[in-house]
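Asker: Model the structure of this input:
(one chain, ligands or ions: 1)
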Amino acid sequence: MKLLWILYIKLLLLASINALPNITSCNSLGLIDKSKILAICETIQCNVSPDSQVYYPLDLNYSSTISHYAISSTNFSVCSVVPCTAEDLSIIIKIIGVNRVPFGIKSGGHSLNPGFSSTGGIQISMQCFSQVNYNPNDETVDVGPGLVWDDVYKQLQPYNVTVVGGRVVGVGVGGFLLGGGYSWKSNQYGLSIDTILEYELVTPNGTIVNVNNQTYPDLYFGLKGGLNNFGIVTNFKMRAFPQGQVYGGILLYTVVVINDLVNAIVTFQTNNQDPKAQILCDFTSLANSFDINIIAFYDAPTAPPNTFDVFTSILHEGQLETQSYLSLVQASPVSFTNNMR
Ligand SMILES: Cc1cc2nc3c(=O)[nH]c(=O)nc-3n(C[C@H](O)[C@H](O)[C@H](O)COP(=O)(O)OP(=O)(O)OC[C@H]3O[C@@H](n4cnc5c(N)ncnc54)[C@H](O)[C@@H]3O)c2cc1C
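Answerer: Numbers count the residues shown, from 1 in each chain. As a prediction, this is how the structure comes out:
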């Protein structure tokens with residue numbers, strides 16, 4: 001009975017500590033209070049170059065550095081840091097490491113899991129790493145993690161090349177390329193990770209390394225799906241592929257045809273043998289409506305006859321047409337569900 005009583009008091013104490021506004025996070029090293037994190041934010045601020053920024057909750061730029069696609073993934077960090085050079089990021093990660101502060105690394109913020117790229121500690125936002133450099137000599141593209149895919153395609157369009165990247169608007173380069181990456185081009189060229197030749201990486205101890213199959217084969221392998229477990233990536237060197245006009249678009253359906261549509265999806269996925277043909281389907285419940293859409297993609301200006309007939313033969317709105325790769329990616333309506341759970 002006495003033991004139970006002690007346990008009860010301990011639980012009460014623990015609950016009251018957690019309720020204190022000053023306590024933001026708990027890790028294996030114990031509770032870290034906000035004032036300590038704030039002091040570390042200030043230490044970072046006075047150690048990084050003027051290129052990089054530290055923002056606090058009342059700053060105008062703060063919200064863009066912490067916001068996520070799903071509102072449930074957004075966390076209010078004590079400060080957010082926006083490194084603009086690998087050297088500054090190295091300084092930041094050393095300070096965070098020495099002080100054992102909770103932190104999160106965010107590129108596009110499309111992770112749906114709270115705590116994967118958000119934190120109540122120090123948010124590192126990669127938004128400043130927004131480079132897209134096409135190198136025609138070796139047919140590669142240097143891509144920064146802080147971009148979204150539609151911006152990458154926009155910048156590559158004048159060169160008639162693309163990379164194996166995201167399929168819809170708004171998805172971030174960083175997490176996508178570290179998690180796998182299923183692209184409109186994947187049936188032809190593999191996952192995005194299969195087309196990355198080199199990473200610029202800031203390791204957990206702050207060392208800046210160029211990781212490729214020759215320099216660090218283990219790390220190179222680990223980064224192909226390893227997300228944030230091996231360091232923070234500041235540049236991806238990717239293979240470039242030719243990109244001309246494509247055929248496709250978005251077809252919209254109501255719930256009335258759901259059974260026909262589900263059968264059509266199964267038929268298409270079972271029978272399609274053409275790696276240039278692909279679909280993406282969304283079942284979206286918004287307020288009182290329930291909508292279904294199919295984005296159809298064919299990697300050429302026209303598709304062979306009948307390629308998407310299973311979908312166009314069902315009552316729908318919208319049409320399939322020849323267009324640029326960028327415009328097909330921009331056709332996706334995923335931004336309607338921005339800021340929801
Ligand atoms: C609407 C929508 C559409 C999607 N479409 C596709 C699709 O077509 N194909 C597909 O494969 N996936 C798709 N995804 C999944 C998407 O690829 C992942 O959610 C991906 O992690 C998003 O990357 P991000 O940079 O936006 O995410 P973030 O939330 O910023 O990051 C995700 C993870 O990567 C880590 N990370 C981010 N940047 C770095 C970095 N520079 N260095 C180290 N670690 C880093 C973060 O810490 C976090 O763990 C989609 C997701 C959504 C919400």
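Asker: List the contacts of the closest residue to residue 180 other than its chain neighbours.
Answerer: Leaving out its chain neighbours, the residue that sits closest to residue 180 by CB to CB, 6 or more residues apart in numbering is residue 191, at 5.2 Å. No exception for glycine: its C-beta is placed from N, CA and C like everyone else's. Residues near residue 191 by CB atoms under 8 Å, 6 or more residues apart in numbering: 164, 180, 181, 182, 183.
Asker: List phi and psi for residue 174.
Answerer: phi -60, psi -60 (degrees, to the nearest 10).
Asker: Pick the one among the contacts of residue 191 closest to residue 219.
Answerer: residue 180 (17.1 Å; CB to CB).
Asker: Which positions in this protein make contact with the ligand?
Answerer: 69, 105-111, 116-117, 126, 145, 166-168, 171-172, 174-176, 178-182, 227-228, 232-233, 334 (CB under 6 Å from any ligand atom).
Asker: among the residues you listed, which are in helices?
Answerer: 174, 175, 176, 178, 179 (DSSP state H).
Asker: now residue 45: how far from the ligand?
Answerer: 21 Å (CB to the nearest ligand atom, to the nearest Å).
Asker: my guess is that residue meets residue 54, correct?
Answerer: Yes - Residue 45 is in contact with residue 54 according to CB atoms under 8 Å; the separation is 4.2 Å.
Asker: Out of the ones in helices among the residues of the chain next to the ligand, who's the most crowded?
Answerer: residue 174 (28 neighbours; other CB atoms under 10 Å).
Asker: That one is in contact with residue 143, isn't it?
Answerer: No - Residue 174 lies out of contact with residue 143 (CB under 8 Å); the separation is 9.5 Å.
Asker: quick one: residue 80 from the ligand, how far?
Answerer: 13 Å.
Asker: Where does that residue sit: helix, strand or coil?
Answerer: Secondary structure state of residue 80, per DSSP: H, G, I helix; E, B strand; the rest coil, is strand.
Asker: Look at it and say how many residues are nearby.
Answerer: 27.
Asker: hey, what's it bridged with?
Answerer: Assessed by DSSP bridges, residue 80 has beta-bridge partners residue 55, residue 123.
Asker: ok, it - contacts?
Answerer: So residue 80 contacts 54, 55, 62, 65, 66, 122, 123, 124, 125 (CB under 8 Å, 6+ apart).
Asker: Please give me every residue in contact with the third one.
Answerer: So that's residue 62. Residue 62 touches 55, 56, 80, counting by CB under 8 Å, 6+ apart.
Asker: how does it look with 10 Å?
Answerer: Going by CB atoms under 10 Å, 6 or more residues apart in numbering, residue 62 touches 54, 55, 56, 76, 77, 79, 80, 123, 125.
Asker: What of the fifth one?
Answerer: Residues touching residue 66, when contacts are defined by CB under 10 Å, 6+ apart, comprise 55, 57, 73-77, 79-80, 104, 106, 109, 117-119, 123, 125.
Asker: Run through the stretch 1-150 of the chain and note the low-pLDDT ranges.
Answerer: 1-32 (pLDDT under 70).
Asker: what do you get if the cut-off is 90, keeping everything else the same?
Answerer: Applying pLDDT under 90 to the stretch 1-150 of the chain picks out residues 1-33.
Asker: Residue 72 falls within a helix, correct?
Answerer: Yes - per three-state DSSP, residue 72 lies within a helix segment.
Asker: Residue 169 is in contact with residue 337, isn't it?
Answerer: No - under the criterion of CB atoms under 10 Å, residue 169 is not in contact with residue 337, lying 11.5 Å apart.
Asker: quick one, which of those two is more surrounded?
Answerer: The residue with more neighbours, out of residue 169 and residue 337 and counting by other CB under 10 Å, is residue 169; that gives 17 against 14.
Asker: Okay then, goodbye and thanks.
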